[in-house]
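Enquirer: kindly generate the corresponding structure for this input.
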Amino acid sequence: MLGKYLGWMIGLLYVISLIYIATRTLRSYGDLLLSSTMPKTHHCWLSILRTTIFKLAI
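Expert: Numbering: from 1, shown residues only. This next block holds a predicted model:
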């Protein structure tokens, strides 16, 4: 419909924006979890835990 190259570029922009939005959402969730339930836990450990859980879910 849009052509081979224009459709490819729009698709790439869509994927990049999806990844950006997902990253911001995960970061916000991590900050909320860190500040509300685990205030003494370092952010690095929370990121490792979150990444491990998401890898196991896939």
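Enquirer: OK, contacts around the nearest residue to residue 41 once chain neighbours are set aside?
Expert: Spatial nearest neighbour of residue 41, chain neighbours left out: residue 34 (6.3 Å); criterion: C-beta to C-beta, 6 or more residues apart in numbering. (C-beta placed from N, C-alpha, C; glycine too.) Shown in contact with residue 34 (C-beta atoms under 8 Å, 6 or more residues apart in numbering): 41, 43, 46.
Enquirer: residues near the second one, how many?
Expert: Residue 43: 12 surrounding residues under other C-beta atoms under 10 Å.
Enquirer: what do you get for the last one?
Expert: One way to gauge burial is a neighbour count; for residue 46, by other C-beta under 10 Å, it gives 16.
Enquirer: next one: it from residue 32, what distance?
Expert: According to C-beta to C-beta, to the nearest Å, residue 46 and residue 32 sit 11 Å apart.
Enquirer: where along the protein do the helices fall?
Expert: Taking DSSP state H, the helices of the chain run over residues 4-36, 43-57.
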